[in-house]
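Undergrad: quick check, what structure comes out for this input:
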Amino acid sequence: MAKPLAKNQPHSLLGAHNSIAGGLHLALEEAARLRAGAVQIFTKSSNQWAAKPLDTETIALFRDANETLGPFEMAAHSSYLINLGSPDDTLWRKSIDALVIEIERCELLQIPRLVFHPGAHMGAGEDAGLARVATAMREALASTSGYRTRLTIENTAGQGSCLGHRLEHIERLLQHLDGDVRVTVCLDTCHLLAAGYDYRAAEGYAGIREELATRIGLERVDWFHLNDSKKDLGSRVDRHTHIGEGFVGANAFKHFLTDSAFRKVPMVLETPKDDGADARNLAKLRRLSRVAV
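TA: As a prediction, the model looks like this:
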């Protein structure tokens, strides 16, 4: 295992998923208030297909905020409606088109990552579903050839027929895409535990880290979602909660926070937005990142 960070040296690229209510640039103002080094946003409503095109003023305000308040490490999260694994041709085509639009929006905003869930096979089976996702990703990447924005695959908890809850699913997608440099990976800690990966003890973390290195490559892990889980190991239920208040437990986050392989990988919260919760959760993570495993 790689050497951990030195004690008393906190991870510098922590942040949160911030609201865009009132303007995209306000998410960056909130990131600055939180003393964050990273920020994740939606560039449009996560539960609607349609999106108002980005105008020049919105783009300029966002870019200027990043330049003056940051620069921040950034990612956008795609709409939850997108299902690249759908066997239904109409929904599949609509999903690809929506993904391309989201990549285009990220490119305009100079956001280098678009995090997305692989999708659900809806009864067609994992093999068919993964092939469907890979084909959709290949088309989206080809349609945005020359863009800097990367497609960042997020692991899932595995609810229903959702794909991506096993690391081998992500490995297979990378293989289908011949290791395209514009494809990276986001690890969600809640999803990882819910999917059955127990990294809470040092031995468990070491085993999962080795599997990540073998199947995906540690260097391809480009983003983290640091979330505790309301449900226990292997539940395959996606329910986030505050750091240290769920089945992950505070100490388990130290493994990721102090691993030198992930020292420069941004890590953001997707925990509930109670009053002041992001500040409290970030304070916990900063304390944990100062303690060597």
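
Undergrad: what segments of the stretch 151-293 of the chain are strands?
TA: Along the stretch 151-293 of the chain, counting by DSSP state E, counting those that start in this stretch, strands occupy 183-188, 221-226, 228-229, 240-241, 267-269.

Undergrad: hey, which of these is tucked in deepest?
TA: strand 267-269 (a mean of 28; mean count of other CB atoms under 10 Å). Glycine gets a C-beta too; all of them are placed from N, C-alpha and C.

Undergrad: quick one: residues in contact with that strand.
TA: Where contact means CB atoms under 8 Å, 6 or more residues apart in numbering, the residues beyond strand 267-269 that reach it are 11, 13-17, 38-40, 75, 223-227, 243, 256-257, 278, 281-282, 285.

Undergrad: about what we covered before: let me have the strands of the stretch 151-293 of the chain in JSON lines, extended by mean pLDDT and distance to I101.
TA: Putting the strands of the stretch 151-293 of the chain into JSON lines (pLDDT from 0 to 100; distance: least, CB to CB, whole Å) gives the following:
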{"stretch": "strand 183-188", "mean pLDDT": "98", "distance to I101": "19"}
{"stretch": "strand 221-226", "mean pLDDT": "98", "distance to I101": "21"}
{"stretch": "strand 228-229", "mean pLDDT": "98", "distance to I101": "32"}
{"stretch": "strand 240-241", "mean pLDDT": "98", "distance to I101": "27"}
{"stretch": "strand 267-269", "mean pLDDT": "98", "distance to I101": "23"}
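
Undergrad: let me have those strands in JSON lines, adding distance to T152 as columns.
TA: Output for the strands of the stretch 151-293 of the chain, formatted as JSON lines (distance: least, CB to CB, whole Å):
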{"stretch": "strand 183-188", "distance to T152": "5"}
{"stretch": "strand 221-226", "distance to T152": "6"}
{"stretch": "strand 228-229", "distance to T152": "21"}
{"stretch": "strand 240-241", "distance to T152": "18"}
{"stretch": "strand 267-269", "distance to T152": "12"}
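
Undergrad: and L28, which of the ones you listed is closest to it?
TA: Among these, strand 267-269 comes nearest to L28, with 13.2 Å by CB to CB.

Undergrad: relative to the closest one, what are the paired strands and their orientations?
TA: strand 14-17 (parallel), strand 221-226 (parallel) (DSSP bridges).

Undergrad: can you show me the CA trace of the shortest one as PDB?
TA: Yep, that's strand 14-17 we're talking about. This file holds the C-alpha atoms of strand 14-17, laid out as PDB (Å, rounded to 0.1, in the frame of the first residue of the first chain):
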ATOM      1  CA  LEU A  14     -12.400  18.500  -0.200                       C
ATOM      2  CA  GLY A  15     -15.800  20.100  -1.100                       C
ATOM      3  CA  ALA A  16     -19.500  19.400  -1.600                       C
ATOM      4  CA  HIS A  17     -22.200  19.200  -4.100                       C
END
